[in-house]
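# give me a 3D structure for the following:
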Amino acid sequence: MAGQVNVIGHPLVQHKLSLMRSKETSTSTFRNLLREISMLLAYEVCRDLPTTPTEIETPIAKTMAPVLDGKKIVLVSILRAGSGILDGMLEILPSARVGHIGLYRDPKTLDAVEYYYKVPEAMGDRDCIVMDPMLATGNSAVAAVDRLKASGPRSIKFVCLLTCPEGLRAFHSHHPDVPVFTASIDERLNEKSYIVPGLGDAGDRLFGTK
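Alright, predicted model coming up:
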């Protein structure tokens with residue numbers, strides 16, 4: 001089933017993504033670029049979030065002005081690499097609540113295995129933004145959204161740096177109602193289920209573990 005995919009082609013996003021792809025980019029630079037690009041992605045992801053007219057007083061007069069209810073927004077990081085996107089998103093949405101879903105990919109089956117789950121209580125009136133740098137096989141993203149849907153949030157969006165046709169098909173075959181926001185749809189998955197040309201393992205590059 002087809003689902004909504006939003007490719008954010010802004011030149012600043014594409015420039016920073018190109019720098020992140022390079023194997024010569026250091027861990028510290030990769031980390032900074034991920035935080036910066038995440039702030040830029042946040043603008044697009046939040047474009048249609050609801051606001052509430054609130055009375056404020058400027059130095060000149062009282063007026064009704066639109067205000068975003070940050071407490072209704074939940075940023076959900078898929079551990080471990082999702083933490084890099086979370087840091088940038090929190091720069092833009094400092095009052096958002098934060099959730100974490102710990103998943104790892106079984107090396108034999110490639111299935112997502114959950115080891116941690118913690119989100120705010122009373123999710124029914126909250127808008128969730130789920131984040132993971134890579135949407136590759138789609139297994140982790142599907143498992144994370146499965147768990148979140150069980151808590152009944154008002155809306156869910158998925159944000160990633162990179163994806164590929166195989167990952168999008170897998171994700172939207174399970175969750176056609178969840179829009180995906182990404183900086184690039186790359187060519188394909190290779191035999192090891194890495195995105196090509198991709199940028200390698202985002203977690204390893206973010207934390208310097210390889």
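# in three-state terms, label the spatially most distant residue from the centre of the chain for me.
Taking CA atoms, centre = their mean, the residue of the chain most remote from its mean C-alpha position is Ile60, at 39.9 Å. Secondary structure assignment for Ile60 (DSSP: H, G, I helix; E, B strand; the rest coil): coil.
# for it, give its distance to Gly167.
Using CB to CB, to the nearest Å, Ile60 is found at 51 Å from Gly167. Every residue, glycine included, has its C-beta placed from N, CA and C.
# pLDDT wise, what is Ile156 at?
On pLDDT, Ile156 comes in at 96.
# what residues does the helix or strand hosting it touch?
Ile156 is part of strand 155-163 when elements are defined by DSSP states H and E. Contact with strand 155-163 is made by 5, 17, 20, 34, 37, 41, 45, 85, 89, 127-136, 141, 145, 148-149, 171, 175, 178-186, 195, 198-199, 202, as judged by CB atoms under 8 Å, 6 or more residues apart in numbering.
# and it, which strands flank it?
Under the criterion DSSP bridges, strand 155-163 sits next to strand 127-131 (parallel), strand 134-135 (parallel), strand 180-185 (parallel) in its sheet.
# tell me the first helix or strand C-terminal of that strand.
Once the chain leaves strand 155-163, the next helix or strand it forms, by DSSP H and E, is helix 165-174.
# run through who's touching that next one.
Around helix 165-174, the neighbours that count as contacts under CB under 8 Å, 6+ apart are 1-3, 5, 135-139, 141-142, 145-146, 158, 178, 180, 185, 188-189, 195.
# in that helix, which residues are buried?
Within helix 165-174, the residues that count as buried by 16 or more other CB atoms under 10 Å are Glu166, Gly167, Leu168, Ala170, Phe171, His172, His174.
# how close does the first one get to Leu68?
As judged by CB to CB, Glu166 and Leu68 stand 35 Å apart.
# the third one too?
Taking CB to CB as the measure, Leu168 falls 29 Å from Leu68.
# for the residue nearest the centre of the chain, name its beta-bridge partners.
Of all residues in the chain, the one closest to the mean position by CA atoms, centre = their mean is Met131, 2.3 Å from it. Taking DSSP bridges as the rule, Met131 bridges to Ser77, Val159.
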